[in-house]
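**Q** give me the fold of what follows.
(chains A, B and C)
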Amino acid sequence: MKRRVARLLEVEQIDSAQILAVTFTRVAAEDLHRELVSLEVPGAGGLHGRTLHSLAMSILMRNHVLAVLGRTPRPLNEYELEPLLADLGNHHGNKHARKRLIRAYGAAWARLQTQEPGFARSPADQAFADELVEWLTLHEAMLMDEVIPHLFQYLRGNPGAPERAEYSHLLIDEYQDLNRAEQDSLQFLGENSSICIIGDDDQSIYSFRHAHPDGIRHWAVLHPTDEHAIAECRRCPTTVVRMANTLIARNAGRLGGAMTERAANGPGEVVVCQFGTAEQEATAVATKIASLIEAGVPPREIIVLAQRRTFASPIFHRLRADGIPTKSYYAESALDTVEAQERFAILKLLLNNEDRVALRWLLGRGHPNWHTNPYRRVLEHVRQTGTSLWEALTSLSDGILVIPYTGALVDRFEEIKAELEVLGASADFDDFLQQWLPDNPETELLSETVTLCREGIDNPADLFGALYDAISQPEVPLEVAEVRVMSLHKSKGLSSPYVFIVGCVEGLLPAQLGPETSPEDRLAKLQEDRRLFYVGITRVKSDLPNRTGYLALTYPQTMVASEAFSSQIAPVRVRRGIAYLQPSRFLAEIAPHAPAPQFNSPL
DNA sequence: GGGAGAGACGTTTTT
DNA sequence: CGTCTCTCCC
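**A** Numbering: from 1, shown residues only, chains lettered A, B, ... in the order given. Purely as a prediction, here's the structure:
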């Protein structure tokens, strides 16, 4: 991608404004920009990689699309989904089903690669969408996921949109991770351009957001294409390439064939080891990492991949305890506790009484059903009279307005209002901070974030802005110095000379599926999990001349049953609180090229 | 609105 | 296995 951009700029003399480079993540976008700058090609520094979401948002804002629809670009925080889900009511199915519907709506209802995006596929879907949009409109907010459906509708409905003719060259990275709505939106943006897509169907691992490998597989069938296959695996040791080839060969409909080994990389070292318990597994991994570091391996060259937090945490804590610099990518968000969420909501409401989502969250907080019924009554009044939520509640509180069965809600409102008054009366910013966020172990992470971004800030509005950015768009350091502990999903795009994959057990890799899952879905998910494992093992890098690459695949025989259940790992059987596990079938699949498994031995 | 009891759920993840 | 969610009833 980088080299193509360089060629367009340098050889073909294309204006950088005519080139659109789209990436899946913010990190990839920053990465691309950094690489382009380092190329020292004239104009390359002016080209920024963009995520599809940021591009969508700027197109929608530029064209006042949301304003015309009566929508407000106030994004919902993750935790603010709770009252929304409660208010939507269970005639749409249980909470789980409602979440799934929100996700499908965010994919513009194209759940499958073969489905055309843009319209609900059933009256039930449509009814759900109507209710969802009504709630969001009334609460003057939107879901992050709505950006794509809105972009798609805008581009489809406006054949004359300037954006459809803005670019002469489109470059799209990680194409296999895009769902149909995203693919089709990009198709509109590039309808008069040369399009270059980059991706690997064997690394498609985002079906939960309705991205399927068939998207990239069908590309060349639908568009005249000049294909460039990259067959040689330049990164991995030869043993790993062989393992990966036999593994992925079991998947159907693949675009490419086997990867070619690069003999110069050397065979590498692969270890497969079973442990009696998950605890022993964690200890062995941590011990091996400690000895590697002892031997002079820089911590940043070691990654530990765990598909569940429950496998990641003990290793992370053990390494930390040993004084080894370690970073967990499962790290908690500052808004993980209800207490922190409440502080954040109070701040939002203090800055804007009309922040209806914050107010709705605060009104329902702590109640099993979020006070759905009384809230619905108040909302009905707001809807009919066109007053604001804050005004309606103030009138109720003052007794000017009477709505039956809303007593508990009004009591709660008065508490909130009283707290806002106290905060509004604080003497100065320090006093305000003390009042707003008193010391509390439950809000410790939020306090830390406040400390981090407090510099130069002397009012609540700026504090909120800085906090919001710090929480929703955390800085990703370009250079890490630590051992990294992360999920297989997060590891995509990384490579490292030392890779540990822990918890390689059946029921996790591949994952357990619900009893209702259809045979086709089962097969599709099995193949996706196989790709996930494939992504994991191919993170190993031969870093010659020093290192030929090390991969450890480990799995426990038993683990604490409650942990297995709470992290959706299907045990073979459970006895006295202990879950018994079987090795991942993927280990059997790579067996022809992998070493024989060891038991309880040092790695 | 609250309590009791039955039943479902829990994960990975991007913007 | 432990907790949350849902339904039913008062």
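
**Q** from here on, just use CA atoms for contacts and neighbour counts.
**A** Fine.

**Q** sec struct for the residue of the stretch 451-600 of chain A with the smallest separation from DNA strand C, please.
**A** With Cα to the nearest atom of the strand, the shortest gap between the stretch 451-600 of chain A and DNA strand C falls at A:Ser562, namely 3.8 Å. Assigned with DSSP: H, G, I helix; E, B strand; the rest coil, A:Ser562 falls in the helix class.

**Q** number of nearby residues for it?
**A** A:Ser562 has 14 neighbours, counted by other Cα atoms under 10 Å.

**Q** from A:Pro571, how far out is it?
**A** Distance, A:Ser562 to A:Pro571, using Cα to Cα, to the nearest Å: 11 Å.

**Q** for chain A, what lies in contact range of DNA strand B?
**A** Counting by Cα under 7 Å from any atom of the strand, chain A comes close to DNA strand B at A:24-27, A:51, A:53-54, A:94, A:96-97, A:144-145, A:208-209, A:307-309, A:329-330, A:367, A:371-374, A:405-406, A:408-409, A:486-490, A:511, A:562, A:565-568.

**Q** residue of the stretch 251-400 of chain A nearest DNA strand C, please.
**A** Closest residue of the stretch 251-400 of chain A to DNA strand C, Cα to the nearest atom of the strand: A:Pro368 (5.7 Å).

**Q** ok but that residue is inside a strand, no?
**A** No. The assignment for A:Pro368, made by three-state DSSP, is coil rather than a strand.

**Q** local confidence estimate at it?
**A** On pLDDT, A:Pro368 comes in at 79.

**Q** quick check on it: phi, psi?
**A** In terms of degrees, to the nearest 10, the main-chain angles of A:Pro368 are phi -50, psi -40.

**Q** how many neighbours does it have?
**A** With other Cα under 10 Å as criterion, A:Pro368 counts 9.

**Q** and if you look at the one 5 residues further on?
**A** By the other Cα under 10 Å criterion, the neighbourhood of A:Asn373 contains 14 residues.

**Q** can you pull the residues of the stretch 501-603 of chain A lying near DNA strand C?
**A** Residues of the stretch 501-603 of chain A lying near DNA strand C (Cα under 7 Å from any atom of the strand): A:561-562, A:565-566, A:575-577.

**Q** now render the residues you listed as a markdown table, adding secondary structure, pLDDT and distance to A:Asp173.
**A** What follows is those, written out as a markdown table (DSSP: H, G, I helix; E, B strand; the rest coil; pLDDT from 0 to 100; distance: Cα to Cα, whole Å):
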| residue | secondary structure | pLDDT | distance to A:Asp173 |
| --- | --- | --- | --- |
| A:Ala561 | helix | 92 | 41 |
| A:Ser562 | helix | 91 | 40 |
| A:Phe565 | helix | 91 | 36 |
| A:Ser566 | helix | 89 | 35 |
| A:Arg575 | strand | 87 | 47 |
| A:Arg576 | coil | 86 | 49 |
| A:Gly577 | coil | 87 | 46 |
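
**Q** now the buried members of those.
**A** A:Ala561 (16 or more other Cα atoms under 10 Å).

**Q** Serialize the residues of the stretch 501-603 of chain A next to DNA strand C to TSV and add fields for distance to A:Ala124.
**A** As requested, those are exported to TSV (distance: Cα to Cα, whole Å):
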residue	distance to A:Ala124
A:Ala561	38
A:Ser562	36
A:Phe565	32
A:Ser566	31
A:Arg575	43
A:Arg576	44
A:Gly577	42
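
**Q** can you give me the domain boundaries for chain A?
**A** Domain assignment for chain A by automatic domain parsing gives A:2-61+A:150-222, A:69-144, A:238-325+A:481-599, A:338-472.

**Q** wasn't A:Ala552 part of a helix?
**A** No. Counting by three-state DSSP, one finds A:Ala552 to be strand, located in no helix.

**Q** measure it to A:Ala358 for me?
**A** Going from A:Ala552 to A:Ala358 by Cα to Cα gives 47 Å.

**Q** which of the two has more neighbours?
**A** Neighbours per residue, other Cα under 10 Å: of A:Ala552 and A:Ala358, the larger number sits with A:Ala358, 24 against 18.

**Q** once you drop chain neighbours, what's closest to that one?
**A** Distance criterion Cα to Cα, 6 or more residues apart in numbering; nearest residue to A:Ala358, sequence neighbours excluded, is A:Ala345 at 5.0 Å.

**Q** please name every helix or strand in contact with the lowest-mean-pLDDT helix or strand in chain A.
**A** For chain A, counting by mean pLDDT, DSSP states H and E, helix A:26-39 ranks last in confidence among helices and strands (a mean of 84). Contacting helix A:26-39 under the criterion 3 or more Cα pairs under 8 Å, 6 or more residues apart in numbering; DSSP states H and E are the following elements: helix A:2-10, strand A:49-51.

**Q** in helices, which of the residues of chain A next to DNA strand B appear?
**A** Of the positions in the residues of chain A next to DNA strand B, A:26-27, A:53-54, A:96-97, A:309, A:372-374, A:408-409, A:488-490, A:562, A:565-566 sit in helices, assigned by DSSP state H.

**Q** give me the buried entries from the residues you listed.
**A** Of those, these count as buried by 16+ other Cα under 10 Å: A:26-27, A:53, A:309, A:372, A:374, A:409, A:488-489.

**Q** pLDDT below threshold where in chain A?
**A** Low-confidence segments of chain A (pLDDT under 70): A:478.

**Q** got the residues of it near DNA strand C?
**A** Residues of chain A lying near DNA strand C (Cα under 7 Å from any atom of the strand): A:86, A:90, A:94-96, A:368-369, A:561-562, A:565-566, A:575-577.

**Q** and with 6 Å instead?
**A** Counting by Cα under 6 Å from any atom of the strand, chain A comes close to DNA strand C at A:90, A:94-95, A:368, A:561-562, A:565-566, A:576-577.

**Q** of all these, which two lie farthest apart?
**A** A:Asn90 and A:Arg576 (36.4 Å; Cα to Cα).

**Q** figure out how far the least confident helix or strand of chain A is from the centre of its chain.
**A** 20 Å (Cα atoms, centre = their mean, to the nearest Å).

**Q** any buried residues in the strand or helix carrying A:Leu452, and which?
**A** If you go by DSSP states H and E, A:Leu452 is part of helix A:444-453. Within helix A:444-453, the residues scored as buried using 16+ other Cα under 10 Å are A:444-447, A:449-450, A:453.

**Q** one more: stretch A:387-394?
**A** Under 16+ other Cα under 10 Å, the buried positions of stretch A:387-394 are A:388-390, A:392-394.

**Q** nearest to DNA strand B among those?
**A** Of the buried residues of stretch A:387-394, the one sitting nearest to DNA strand B (Cα to the nearest atom of the strand) turns out to be A:Leu393, at 14.3 Å.

**Q** which residues touch the closest one?
**A** Residues near A:Leu393 by Cα atoms under 8 Å, 6 or more residues apart in numbering: A:378, A:410, A:413.

**Q** now the last one: closest residue in space that isn't a chain neighbour?
**A** Once flanking residues are discounted, A:Phe413 sits nearest to A:Leu363: 6.4 Å by Cα to Cα, 6+ apart.

**Q** name the helices or strands packed onto the host helix or strand of the one you found?
**A** Secondary structure assignment for A:Leu363, by DSSP H and E: helix A:356-364. If you count contacts as 3+ Cα pairs under 8 Å, 6+ apart, helix A:356-364 packs onto helix A:81-88, helix A:338-351, helix A:407-424.

**Q** mind listing residues that contact that helix?
**A** A:76, A:80, A:82-83, A:139-141, A:342, A:345-346, A:348-349, A:353, A:370-372, A:389-390, A:409, A:412-413, A:416.

**Q** and the residues you listed, which of them are buried?
**A** Looks like the contacts of helix A:356-364 have A:76, A:80, A:82-83, A:139-141, A:342, A:345-346, A:348-349, A:353, A:370-372, A:389-390, A:409, A:413, A:416 buried, using 16+ other Cα under 10 Å.

**Q** related to what we said a few turns ago, of the residues of chain A next to DNA strand C, closest to DNA strand B?
**A** A:Ser566 (3.5 Å).

**Q** for A:Asn459, see how far away the closest one is.
**A** 42 Å.
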